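Trainee: Sequence below, structure please.
(2 chains)
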There are 2 protein chains.
Amino acid sequence: MAETARRPDRRYGNRPTMKDVAARAGVGLKTVSRVVNGEPGVTPDTERRVREAIDALGFRRNDSARVLRKGRTATVGLVLEDLADPFYGPLSRAVEEVARAHGALLINGSSAEDPEREQELALALCARRVDGLIVIPAGDDHRYLEPEMRAGVATVFVDRPAGRIEADAVLSDSFGGARDGVAHLVAQGHRRIGFVGDRPRIHTAAERLRGYRAAMEDAGLPVDDAWVSLGPTDPERVRGAVEEMLAAPEPVTALFAGNNRVTVTAVRTLAGRPRPVALVGFDDIELADLLGITVIAQDAAALGRTAAERLFRRLDGADEPPARTVLGTTLIPRGSGETPPPA
Amino acid sequence: MAETARRPDRRYGNRPTMKDVAARAGVGLKTVSRVVNGEPGVTPDTERRVREAIDALGFRRNDSARVLRKGRTATVGLVLEDLADPFYGPLSRAVEEVARAHGALLINGSSAEDPEREQELALALCARRVDGLIVIPAGDDHRYLEPEMRAGVATVFVDRPAGRIEADAVLSDSFGGARDGVAHLVAQGHRRIGFVGDRPRIHTAAERLRGYRAAMEDAGLPVDDAWVSLGPTDPERVRGAVEEMLAAPEPVTALFAGNNRVTVTAVRTLAGRPRPVALVGFDDIELADLLGITVIAQDAAALGRTAAERLFRRLDGADEPPARTVLGTTLIPRGSGETPPPA
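Mentor: Numbers count the residues shown, from 1 in each chain, chains lettered A, B, ... in the order given. Presented below is the predicted three-dimensional model:
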């Protein structure tokens, strides 16, 4: 599945070009290029007129394109959200492979899930003159990046969309994946299904919760407030949430885990229970095959690759409106999600 | 266990200091500082003498220390070896936490196990004026970093030592860990024990092989050439190596896996076998507890933390000879390593 939302009302990279400078100064493009690059062959009077046009228009030379054209090593920055989350490993590696295929270096940094840190890091990478940025955002307001994007830093968001600006985004279908996973549990006969997810301000967490609610509604099943638990995904919080749902007078018989961190703790918590509880997790995890864990798998490498390819199309001069690409997910049944409710 | 090797024959950071400049110019330290930082209060004649001393000595202001002192955001670069190897997740995160505690930003890049790529990346980070570098090396010749280190870029190697230069290194005890793991298999009664590891040019792989051989020798056991397989750790190669050892006329009854990538494939390969084969793996892996996999655990977070703390001591001005710190490993018995050989 791939959906592309086009927003024609606002153009990407809508900044003055050398052509605009040439027109205003009444000179040829080559003359502007000579002035900008400090090459000889321009009279002082012409140079003055070009400089005045540059100042009047607020023209800034696009160093990114220049660097790429001149064959110097281009550099792409990747702002990660959590260095220790294994989901980002294949994503980062895919970005790196595309960058390498374009002869570019990749440098990463992590926001450690802190919006201020994300901003500081993204701007620090821009100050170190990266040619493009791929951002897994922690925050939901990216207006701070607009001046950089106008100045020519190509920017693509991945895993989560940008907030309050128009920008390219490559996402997994969190809503559809969660809906499919919960519908799969419903199809096994479960009626009381719990949802344990990340903090609701995170776009993917909110979308997966929406998918859970949609599947329950599609099946005509009510959702008890006690069956939904959102918050940090550290083991203590998740374990507590799972145990609470299982200790209720009418306990859930199945769980949907909102991401890989939740799944790992849910599996550990359920391993010690006498009565089997069905489980489907969002995101595949290593060795889940051997443990028989049913998951909704995202293709983390495809996310990274698609985002990086979009970035390099931007760097190669593609001037299209920002688009949102949504990649589909895959249900992988391995046993834990096919456990029926107790008779 | 922590061992510190000191090499007094060559000093780290042996470059001219402000003190040397002051002595040569015959002025006070404060006067040199004023000239270097462009502050007022120095006569033209004194300034000239200081500048001559600076030129004669080849003094370069240590921008790292200056940046840290002036409270501007310092930046530390981390050169990783493989973005998708989960071992480096906690290591990177620990480095990031120490960097943050020092108010510094961390930017990463990956060599993807390619020595040329490592060099290109490390120098690109230096060109972008990182204050310090932490390197998980892919290559075994780091002389290319000497000019940067002399110019004041503090550098610490982690997981594997530097090659052909003297530099700080923080390592796990690969030799001792592998020896302990193999001795544990010997203690269960195994006599034919296989070793599947990474390419021998990798320092940790060579050390773990050495540990395996030492444990076998300690037990008076011969090592058949067919029991040792070194090479890339992709699933196809590892699966083939394991199957070959098990198909021999006198098959191995136990395996030691040289790293986490090998362990994962070994577990998958052994899962389909009718006869149990004992297994101990170097490196802990997520969910190994639920699968009952016995491992020699390294403390990846402690490696990262120790390396980062050493780096910040350097950035804070510590002028000590390079040291090698070796962190101990821990045997975690969970079942797979306690299987006895067939009667």
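Trainee: my read is A:Gly281 is in a helix, agree?
Mentor: No. Counting by DSSP: H, G, I helix; E, B strand; the rest coil, A:Gly281 is not part of a helix but strand.
Trainee: hey, what's it bridged with?
Mentor: Judged by DSSP bridges, the bridge partners of A:Gly281 are A:Ala257, A:Val295.
Trainee: Give me the distance between A:Phe256 and A:Leu279.
Mentor: 8 Å (Cβ to Cβ, to the nearest Å). For the C-beta atoms, the positions are set from N, CA and C on the backbone; glycine is no exception.
Trainee: which of these two has more neighbours?
Mentor: A:Phe256 (33 against 26; other Cβ atoms under 10 Å in any protein chain shown).
Trainee: Go ahead and confirm that one touches A:Ala183.
Mentor: No. If you go by Cβ atoms under 8 Å, A:Phe256 and A:Ala183 don't touch, sitting 10.3 Å apart.
Trainee: Show me which residues of the stretch 201-343 of chain A are close to chain B?
Mentor: A:Val264, A:Val267, A:Arg268, A:Ala271, A:Ile285, A:Glu286, A:Leu287, A:Ala288, A:Asp289, A:Leu290, A:Leu291 (Cβ under 8 Å from any Cβ of the partner chain).
Trainee: Narrow these to just the buried residues.
Mentor: By neighbour count, with 16 or more other Cβ atoms under 10 Å in any protein chain shown, these hold A:Val264, A:Val267, A:Arg268, A:Ile285, A:Leu287, A:Ala288, A:Leu290 as buried.
Trainee: Do I have it right that the fourth one meets A:Arg261?
Mentor: No. The pair formed by A:Ile285 and A:Arg261 falls short of the contact definition of Cβ under 8 Å, at 9.4 Å.
Trainee: just to revisit the earlier point, and which of the residues of the stretch 201-343 of chain A next to chain B is nearest A:Asp224?
Mentor: Closest approach between those and A:Asp224, by Cβ to Cβ: A:Val267, at 23.4 Å.
Trainee: Tell me the secondary structure at that closest one.
Mentor: For A:Val267, the assignment made with three-state DSSP gives helix.
Trainee: ok, it - contacts?
Mentor: Applying Cβ atoms under 8 Å, 6 or more residues apart in numbering or on different chains to A:Val267 gives the contacts A:Leu279, A:Gly281, A:Leu291, A:Ile293, A:Ser336, B:Leu287, B:Leu290.
Trainee: repeat for A:Asp218
Mentor: Listed by Cβ under 8 Å, 6+ apart, the contact set of A:Asp218 reads A:Arg179, A:Ala183.
Trainee: gap between it and chain B?
Mentor: 32 Å (Cβ to the nearest Cβ, to the nearest Å).
Trainee: which stretches of the stretch 151-300 of chain A form strands?
Mentor: The residue ranges that make up the strands of the stretch 151-300 of chain A, judged by DSSP state E, counting those that start in this stretch, are A:154-158, A:168-172, A:193-197, A:228-230, A:254-257, A:278-282, A:294-297.
Trainee: so where's the stretch 51-200 of chain A uncertain?
Mentor: Within the stretch 51-200 of chain A, the stretches with pLDDT under 70 are A:58-73.
Trainee: Pick the one among the contacts of A:Val267 closest to B:Ala122.
Mentor: Nearest to B:Ala122 among the contacts of A:Val267, with distances taken as Cβ to Cβ, is B:Leu287, at 34.0 Å.
Trainee: How about A:Ser336, nearest residue that isn't a chain neighbour?
Mentor: Of all residues not flanking A:Ser336 in the chain, A:Leu279 sits nearest, at 4.4 Å (Cβ to Cβ, 6 or more residues apart in numbering or on different chains).
Trainee: returning to what we had before: out of the buried ones among the residues of the stretch 201-343 of chain A next to chain B, which two sit at the greatest distance?
Mentor: The most widely separated members of those, counting by Cβ to Cβ, are A:Arg268 and A:Leu290 (14.9 Å).
Trainee: List the residues that contact A:Pro232.
Mentor: Counting by Cβ under 8 Å, 6+ apart, A:Pro232 touches A:Asp198, A:Arg199.
Trainee: mind checking pLDDT for it?
Mentor: With respect to pLDDT, A:Pro232 has a value of 95.
Trainee: Which residue ranges of chain A form helices?
Mentor: For chain A, the helices defined by DSSP state H occupy A:18-25, A:29-36, A:44-57, A:63-69, A:88-101, A:115-127, A:146-150, A:174-187, A:203-218, A:235-247, A:260-271, A:288-291, A:300-315.
Trainee: Would you mind measuring from A:Pro90 to B:Thr269?
Mentor: Applying Cβ to Cβ to A:Pro90 and B:Thr269 gives a distance of 22 Å.
Trainee: Repeat that for A:Val50.
Mentor: A:Val50 is 69 Å from B:Thr269, by Cβ to Cβ.
Trainee: Same check on A:Asp180?
Mentor: 32 Å.
Trainee: one step back: higher neighbour count, A:Val50 and B:Thr269?
Mentor: Taking other Cβ under 10 Å, A:Val50 and B:Thr269 do not tie; A:Val50 has more neighbours (25 against 21).
Trainee: my read: that one touches A:Ser33, true?
Mentor: No. Assessed by Cβ under 8 Å, A:Val50 is found out of contact with A:Ser33, at 9.8 Å.
Trainee: residues in contact with A:Val158?
Mentor: Applying Cβ under 8 Å, 6+ apart to A:Val158 gives the contacts A:Leu91, A:Ile134, A:Val135, A:Ile136, A:Ala169, A:Val170, A:Leu171, A:Leu303, A:Gly304, A:Thr306, A:Ala307.
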